[in-house]
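[1] Okay, sequence plus prediction incoming.
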Amino acid sequence: MLTPTRHPNRRPLHSGAVKAALGAISALALSASATFAQDYNPDAVINIGSLYEPQNLDNTAGAGQGINEAFNGNVYEGLFVLTDAGHVEPRLVDSYEISDDQLTYTFTLKEGVTFHSGDPLTAADVKNSIERVTAEGSASSRKRTLANIETIETPDDRTVVITLSSPSISLPYNLSYVWIVNDDAGDITASADGTGPYTLQEWRRGSALAMVPFEDYWGEAPSNGGVMFQYFTDATAQNNALLTGAVDIITSVQSPDALSLFTDNPDFTVAEGASTTKELLAYNDRVAPFDNVEVRAALARAVDNEKLLQAIWGDYGTLIGSFVPPTDPWYVDLTDVNAYDPESARQMLADAGYPDGFSFTLDTPDYDPHPVVAQFVQNELAKVGVDVKINIITANEWYTKIYQAQDFEATLQEHVNHRDIVFYGNPDFYWGYNNPEVVELIAGAERASSVEEQTEMLTEANKIIAQDAASMWLYLYPQIVVSKSNVTGYPVNGLNAQFFVSDIQKAD
Amino acid sequence: MLGYITRRLFILLLSLFVAAIVLFVLLRLLPGDPANALVGVGATPEQIAAAREQLGSDQPLGVQFLTYLRDLAAFDLGNSFVTRGSILEEISRRLSVTLPLTFAAFFLALVIAVPLGILAAVKADRWYGLLLSIVSQAGIAVPVFWLGILLVYEFSLTLRWLPSGGFPLRGYADPGPAIRAMVLPVLTIAIVMSASLMRYVRASTLDVLDSDFLRTARALGESRAEALMRHGIRNASVPVISVLAIELATAFLGAVVVEQVFSLPGMGSMLLLGIQQRDYPSIQGVLIVTTLLVLLTGFLADLLQRLLDPRLRQGARR
């Protein structure tokens, strides 16, 4: 999916200080999922507070990120799953083979899988589920990534053969977003029929969504007696619900102010995971002076990201120095590249032909944290003689003016997705970064014959965009989940807005 | 009277029609295309075109307007762009939260404001009469959301008596939790509303207390309380009723804020969501139904005033 989220219905995510990146993250994940000595109640219903209510129940019908949070891996499963640690693992696939030309994938489905309605999982369901995503009217964010699927064949009930028009090492990853839906389910905007460990019990729009364990689930049974997502439109109301015990967990904390309610309180656990949400200042790399690498690098050096992060998130959040978060396999710590150094910034601007600086307009979305970030950047750049004019715009204007018309000099945006460095390989993307070497690396990585080769190429691309200061990457949001201290086993990273609930346990 | 009602109904329908036109125009003036909101960032031009066709936003405005009026006349509010569900069903579900909230708050406000307002007028020269007017004056200045937060802090977070927000999944099928969920929101609206109502009741009662007919009644030997009960209240209530209608409408609209504070699934949150998502049918539906309710309230208040005050009826006859 391409995508910055476009309005306050967004998801802030996070990671701690860049500790030993993945190692630290899995340690955190372990600590949150470790079962305490106290016994848990297998019948306990877990109440989860969330700000992301789905708009409908079909992820190909513009349901928003809330549907992934509630349903991915819980009600629906994919052929593969993107785990909370960022690995892609088989789920409904028992085994698969890739042809030598990497164009044909043959999947064998797991045996004994049934839908909630009782129908058995067949190859036809899989074919139809993939076609739901790629269909003409589909609003799925995954549609484009699956565009290279040429044919899907089903030689028998347990075999699915996918033929691609070009090699795609990311196919299993992309398929992890595709819900396998019962072909006979019909319209699923208000009901559900998946293979996951939970069945949808009831959804009351504006209020809550309840699910109960599916008795005939093929895998391990859930550790709880059901889950209720309670939806809030206001972060304070959500925090209050946790404080009063109306909910057991809140899936993300919106502001550091609210955190002080829960830290240092033995009744609550504050779990910090790895986010994929990057706050960035995107230049329009097509227009002067931002077509000049030296200018972009100079501006990157002029802004003290650490101070910015501290001001907004206190001790939470991470600096990564590029666009790649620690849960992407091609992450490397690039904070040293074009690190904060206002002296050299001034010098570089002079060398680039701007000894007296210049002025540009920064189109700033009107919701948090962008206006604050814009002011900070304005102050920092003023110190090196660059004059920033802040132009506040709505989310919708952002979409039409910047994303579609590409009519801007620079803008602020948060990009929420996992593995989205690929945007830098698309010269037509809104920010217009065009380095043929990167384009080739990113395209080549998709044709790679192994995950290792793919990782190597994308790591290289990551380093180049950092050197090129393609955009100004300000910080990585924190991803914070707060729970009552008798609740354990929940996912902390929430990659791509997923929130697997099956292992959540609650002690009496 | 019948002629009056017919005339009044005609005006109501005309107002509704004008409101419908204004709504239609205003929504089309908003920047941004709902098709964008529907298919999301990253959609191809073909996808956007398909979405436009699906929404009918590719049709000329005139055609859109006629379709809109035709559907409205049949009371068909259409389906949401976003949920794909029926707007009318959604509104009736939402009204099951907003209407009880509004009416409960309204009646509670009456129960508080009428006796206290009369007391404040009758005992205007005593210290507690004065105190009551000071309190009501201060109450008017209190923002609804602030009071809501304050009540949550005290009764939910500190005393743990009542939930801080939310509404049970099964709604009124879970009567206990549903009623508990409504207590603080109702209190919030009622307190703020009663403050301003009290001032009207007090002012109106003071007018009556100064009136000639009351002095005459006293002269005929009735006690002050008797005179007030027999002649005063009815007279004092006439101006208060027109204020009540406005207050009721305000309470209904104020529910938008209160529902947000307490995360209640009512009309207010539906409107806000609709605006965020450029879900025109939702916004239109909520606003049309709201307008209708407000107009109806005014209509009923007018009728009630005529029933209470024979002078108005005679005025109409002449």
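    Received it, and whenever you're ready, just let me know what you need. Numbers count the residues shown, from 1 in each chain, chains lettered A, B, ... in the order given.
[2] Tell me the spacing between A:I46 and A:Y433.
    To A:Y433, A:I46 is 43 Å away according to CB to CB, to the nearest Å. In short, each C-beta sits where N, CA and C put it, glycine included.
[3] So the residue in the stretch 201-318 of chain B positioned nearest to chain A, which state does it fall into?
    Residue nearest to chain A within the stretch 201-318 of chain B (CB to the nearest CB): B:P265, separated by 2.7 Å. Secondary structure, DSSP: H, G, I helix; E, B strand; the rest coil: B:P265 is coil.
[4] Spit out the contact partners of the closest residue to B:L147 other than its chain neighbours.
    Counting by CB to CB, 6 or more residues apart in numbering or on different chains, B:L147 lies nearest to B:T188, which is 5.2 Å off, once chain neighbours are set aside. By CB atoms under 8 Å, 6 or more residues apart in numbering or on different chains, the contact set of B:T188 is B:A105, B:V144, B:L147, B:G148, B:L151, B:V258, B:V261, B:F262.
[5] for these, which one is nearest A:G425?
    Set against A:G425, the nearest of the contacts of B:T188 by CB to CB is B:V261 (45.7 Å).
[6] Check the gap between the closest residue in space to the closest one that isn't next to it in sequence and B:E154 for me.
    In space, and not counting its chain neighbours, B:V261 is closest to B:G148: 4.0 Å by CB to CB, 6+ apart. B:G148 sits 11 Å away from B:E154, going by CB to CB.
[7] Looking at the two, which one has more neighbours?
    Using other CB atoms under 10 Å in any protein chain shown as the criterion, B:G148 and B:E154 rank with B:G148 on top: 26 against 13.
[8] quick revisit: show me what contacts the residue nearest to B:V261?
    By CB under 8 Å, 6+ apart, the neighbours of B:G148 are B:L184, B:P185, B:T188, B:V257, B:V258, B:V261, B:F262.
[9] 7 Å instead?
    B:T188, B:V258, B:V261, B:F262 (CB atoms under 7 Å, 6 or more residues apart in numbering or on different chains).
[10] For residue 95, grab the count of nearby residues.
    Going with chain A. When counting by other CB under 10 Å, one arrives at 10 neighbours for A:S95.
[11] wait, chain B
    Neighbour count of B:L95, defined by other CB under 10 Å: 19.
[12] Isn't it up against B:P265?
    No - with contact defined as CB atoms under 7 Å, B:L95 does not reach B:P265; the gap is 10.8 Å.
[13] Disregarding residues adjacent in the polypeptide, which is nearest to A:L308?
    A:F376 (5.1 Å).
[14] give the contact list for the residue in chain A that chain B sits nearest to.
    Nearest to chain B in chain A, going by CB to the nearest CB, is A:G206, at a distance of 2.7 Å. Going by CB under 7 Å, 6+ apart, A:G206 touches B:P265, B:S269, B:M270.
[15] ok, which stretches of chain B are helices?
    B:2-29, B:34-39, B:45-55, B:61-73, B:87-122, B:127-140, B:144-151, B:175-209, B:212-219, B:224-227, B:233-261, B:267-276, B:280-308, B:310-317 (DSSP state H).
[16] And the fifth one, what does it pack against?
    Pointing back at helix B:87-122 there. helix B:127-140, helix B:175-209, helix B:233-261, helix B:267-276, helix B:280-308 (3 or more CB pairs under 7 Å, 6 or more residues apart in numbering or on different chains; DSSP states H and E).
[17] Report the angle between that helix and helix B:127-140.
    For helix B:87-122 against helix B:127-140, the angle by axes from the mean of the first three to the mean of the last three CA atoms, to 10 degrees is 150 degrees.
[18] near chain A, which residues of the stretch 101-250 of chain B show up?
    B:V152, B:S156, B:L157, B:R160, B:P163, B:S164, B:G165, B:G166, B:F167, B:L169, B:G171 (CB under 7 Å from any CB of the partner chain).
[19] Was I right to think A:K143 contacts A:T134?
    Yes - in terms of CB under 7 Å, A:K143 counts as a neighbour of A:T134; the distance is 5.9 Å.
[20] which intervals of the chain have sub-threshold pLDDT?
    Because you didn't say which chain, this covers chain A. Low-confidence segments of chain A (pLDDT under 70): A:1-38, A:254.
[21] Switch to chain B, please.
    B:30-47, B:54-55, B:313-318.
[22] which ones are touching the most centrally placed residue in it?
    Nearest to the mean C-alpha position of chain B, by CA atoms, centre = their mean, lies B:F252 at 2.0 Å. For B:F252, the contacting residues are B:T102, B:T290, B:L293, B:V294, by CB under 7 Å, 6+ apart.
[23] can you rerun that using 6 Å?
    B:T102 (CB atoms under 6 Å, 6 or more residues apart in numbering or on different chains).
[24] before we move on, what SS does A:R142 have?
    Under three-state DSSP, A:R142 comes out as coil.
[25] Against A:N305, how distant is the nearest residue to it once chain neighbours are set aside?
    Closest residue in space to A:R142, ignoring its immediate chain neighbours: A:Y177 at 4.4 Å, by CB to CB, 6+ apart. To A:N305, A:Y177 is 31 Å away according to CB to CB.
[26] A:I46 looks like it's in a strand, true?
    Yes - according to three-state DSSP, A:I46 belongs to a strand.
[27] That one reaches A:S223, doesn't it?
    No - judged on CB atoms under 6 Å, A:I46 makes no contact with A:S223 at a distance of 9.3 Å.
[28] who's A:Q479 bridged to?
    A:G273 (DSSP bridges).
[29] and what of the one 4 residues further on?
    The residues listed as beta-bridge partners of A:S483 by DSSP bridges are A:I249, A:T269.
[30] That one - how many residues pack around it?
    By the criterion of other CB under 10 Å, A:S483 has 27 neighbours.
[31] Kindly report the same for A:A235.
    If we define neighbours as other CB under 10 Å, then A:A235 has 17 of them.
[32] mind listing what A:V388 touches?
    A:L362, A:Q378, A:L381.
[33] so of these, which ones are in helices?
    Per DSSP H, the contacts of A:V388 map to helices at A:Q378, A:L381.
[34] By neighbours, which of the contacts of A:V388 wins?
    Counting by other CB under 10 Å, top hit in the contacts of A:V388: A:L381 with 25 neighbours.
[35] list the contacts for that residue?
    Counting by CB under 6 Å, 6+ apart, A:L381 touches A:A302, A:V388.
[36] does the residue nearest to A:R142 sit in a helix, a strand or a coil?
    Here A:Y177 is coil, with the state taken from three-state DSSP.
[37] Could you pull up phi and psi at it?
    A:Y177 adopts backbone torsions of phi -90, psi -10, taken as degrees, to the nearest 10.
[38] Same question for A:P289.
    Phi and psi for A:P289, reported as degrees, to the nearest 10, are phi -90, psi 10.
[39] What is the neighbour count of the closest residue to it other than its chain neighbours?
    With sequence-adjacent residues excluded and distances taken as CB to CB, 6+ apart, A:P289 is closest to A:V295, at 4.5 Å. Residues near A:V295, counting by other CB under 10 Å, number 23.
[40] and the stretch 151-300 of chain A, which residues reach chain B?
    With CB under 6 Å from any CB of the partner chain as the criterion, the stretch 151-300 of chain A comes near chain B at residues A:189, A:202, A:204, A:206-208, A:210, A:230, A:232-234, A:237, A:240-241, A:243-244, A:246.
[41] quick one: which of these sit in helices?
    Short answer: those in helices (DSSP H) are A:A237, A:N240, A:A241, A:L243.
[42] Considering the residues you listed, which possesses the most neighbours?
    Of all those, A:N240 has the most neighbours under the rule other CB under 10 Å, reaching 28 neighbours.
[43] can you pull the contacts of the residue lying closest to that one once chain neighbours are set aside?
    Excluding the flanking residues, the one nearest A:N240 by CB to CB, 6+ apart is B:S164, at 3.6 Å. Contacts for B:S164 (CB under 6 Å, 6+ apart) come out as A:N240, A:A241, A:T244, B:V152, B:S156.
[44] Just give the number of residues close to the fourth one.
    With neighbours defined by other CB under 10 Å, the count for B:V152 comes to 25.
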